[in-house]
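> predicted structure and sequence below. I'll ask about it afterward.
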Amino acid sequence: MTNYLAFDQKTKNLIHSRITFVAKQLGLQKEDVLKHFGHLNKDKLKISEPTHLERFIDHTNLHSHATSKDIKHLCGEAIDFNFYSVCVNSSRVPEAVDNLRGTDVKIASVVGFFLGATSTSAKVNETEFAINSGATEIDMVINVGKLKDLDYKYVLNDIKSIVDCGASVKVILETALLDEIEIIDASILSVLADAHFVKTSTGFSTGGAKSEDIRLMKLVVGEEREVKASGGIRDFNSAAEMIKNGATRIGASKGVQIVDQERNPELRKPKIVEKKPKEQKKTETKQETKDESDMKDILYMLGFGATGGFIAGHILTKWKK
Ligand SMILES: O=C[C@H](O)COP(=O)(O)O
């Protein structure tokens with residue numbers, strides 16, 4: 001079964017207008033930039049089916065405090081679950097290679113992690129180390145501040161310098177820090193730099209992957225390039241939602257849980273939280289006793305009126321206490 005992501009005219013128009021803007025910022029002709037976005041002529045894009053999720057997963061441990069033991073554990077799980085790759089910090093690539101020797105689990109290294117604000121030359125140096133050590137994929141963090149400065153020449157060169165190192169490159173946009181326009185512009189720049197993927201998040205910022213961002217990124221980069229959803233994806237349903245919106249890779253530290261839930265659907269069920277029975281509001285008004293009621297009626301009939309009946313009833317109640 002082939003799944004599709006439909007284009008809407010509003011998003012198409014927006015992407016067109018951003019291509020015009022980005023071309024201007026870069027000093028390029030719009031027509032030349034548009035050649036990279038032929039998919040904008042389509043009504044829908046092919047996307048993947050959310051099944052066999054292990055083949056979508058970059059099994060990830062990027063914590064500064066991750067030890068050799070943790071990396072070994074990560075690699076062991078990647079082998080056991082047949083994950084697509086492990087994603088580690090560059091200093092951990094050599095040991096990931098040792099742990100994964102003889103298997104087909106790939107190794108992705110992050111670069112410029114997690115702020116993306118290091119110099120391009122530092123990123124290139126780190127990328128070369130990772131590739132020479134055995135990484136075949138590089139997850140680089142974009143320079144978010146330079147993007148917000150509209151210094152698109154810098155951002156384009158920053159990404160392209162990593163792409164030129166030769167591995168498959170995923171450009172981490174850190175979408176939680178960007179608005180819709182910035183997500184589109186960063187995706188356009190990633191396409192122009194010939195990056196293979198755009199990726200949402202580091203998992204270390206103010207937010208993670210959102211399905212609406214995945215959809216937007218997919219519509220910008222088209223079918224020839226891929227989208228990686230990452231950051232905060234902890235269960236099967238969230239991972240499947242990302243794939244239904246155009247993701248072809250899931251970066252997650254909870255890959256084991258995600259795949260366990262796919263293989264055992266009963267683990268997906270939301271926990272049933274037993275509701276406490278609501279405390280009944282104390283709305284009952286104090287009931288009049290038969291004596292009080294009779295006394296009020298008698299006084300009313302004797303001509304003391306309603307007020308007299310009420311006062312007499314009140315006196316009787318106090319007297320009885
Ligand atoms: O690139 C992947 C992310 O760092 C994973 O984030 P996560 O720990 O929220 O799954």
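The structure has been received and is ready for your questions.
> quick check: the nearest residue to E95 once chain neighbours are set aside vs the ligand, distance?
Excluding the flanking residues, the one nearest E95 by CB to CB, 6 or more residues apart in numbering is I71, at 5.5 Å. Where you see a C-beta, it was placed from the backbone N, CA and C, and this is true even at glycine. Separation of I71 from the ligand (CB to the nearest ligand atom, to the nearest Å): 14 Å.
> my guess is I71 meets N89, correct?
No. I71 is beyond contact range of N89, at 9.1 Å (criterion: CB atoms under 8 Å).
> contacting residues around the residue of the stretch 51-200 of the chain found nearest the ligand?
Of all residues in the stretch 51-200 of the chain, T60 sits closest to the ligand, at 4.4 Å by CB to the nearest ligand atom. T60 makes contact with 74, 86-88, 203, 230, 251-253, 255, according to CB atoms under 8 Å, 6 or more residues apart in numbering.
> skip the chain neighbours and tell me the closest residue to the residue of the chain found nearest the ligand.
Minimum separation of the chain from the ligand (CB to the nearest ligand atom) falls at G203, amounting to 2.6 Å. What sits nearest to G203 in space, not counting adjacent residues and going by CB to CB, 6+ apart, is G231, at 4.1 Å.
> I figured that neighbour hits T206, correct?
No. At 10.0 Å, G231 and T206 do not qualify as touching, with contact defined as CB under 8 Å.
> close to the ligand: what parts of the stretch 151-300 of the chain are there?
202-203, 208, 230-233, 251-254 (CB under 6 Å from any ligand atom).
> please see if stretch 43-58 touches the ligand.
No. For stretch 43-58, no contact with the ligand is found by CB under 6 Å from any ligand atom; the gap never falls below 6.8 Å.
> show me where the stretch 151-300 of the chain has helices.
Applying DSSP state H, counting those that start in this stretch to the stretch 151-300 of the chain gives helices spanning 152-163, 180-192, 211-221, 236-244, 255-263, 290-299.
> can I get those in TSV with mean pLDDT, distance to L5 and mean neighbour count?
Below are the helices of the stretch 151-300 of the chain laid out as TSV (pLDDT from 0 to 100; distance: least, CB to CB, whole Å; neighbours: other CB atoms under 10 Å):
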stretch	mean pLDDT	distance to L5	mean neighbour count
helix 152-163	98	24	21
helix 180-192	98	14	22
helix 211-221	98	6	22
helix 236-244	98	8	21
helix 255-263	97	21	20
helix 290-299	50	73	15
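> check the offset of whichever strand or helix holds L45 from the chain's centre.
Secondary-structure assignment from DSSP states H and E places L45 in strand 44-47. Centre-to-centre, strand 44-47 and its host chain are 20 Å apart (CA atoms, centre = their mean, to the nearest Å).
> and what of stretch 99-117?
20 Å.
> buried set for that stretch?
By 16 or more other CB atoms under 10 Å, the buried positions in stretch 99-117 come out as 99-100, 105-114, 116.
> in helices, which of those appear?
Cross-referencing those against helices under DSSP state H gives 99-100.
> format the buried residues of stretch 99-117 as TSV; extra columns: distance to the ligand and pLDDT.
Converted to TSV, those look like this (distance: CB to the nearest ligand atom, whole Å; pLDDT from 0 to 100):
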residue	distance to the ligand	pLDDT
N99	19	98
L100	18	98
V105	16	98
K106	14	98
I107	14	98
A108	9	98
S109	11	99
V110	7	98
V111	12	98
G112	13	98
F113	9	98
F114	8	98
G116	13	98
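> shouldn't Q257 be in contact with N237?
No. The criterion here is CB under 8 Å, and Q257 misses it with N237 at 11.5 Å.
> now S190: closest residue in space, sequence neighbours ignored.
Closest to S190 by CB to CB, 6+ apart is V171, at 4.3 Å.
> and the residue nearest to the spatial centre of the chain, what's its pLDDT?
Nearest to the geometric centre of the chain sits A209, at 1.3 Å (CA atoms, centre = their mean). Among the per-residue scores, A209 shows a pLDDT of 98.
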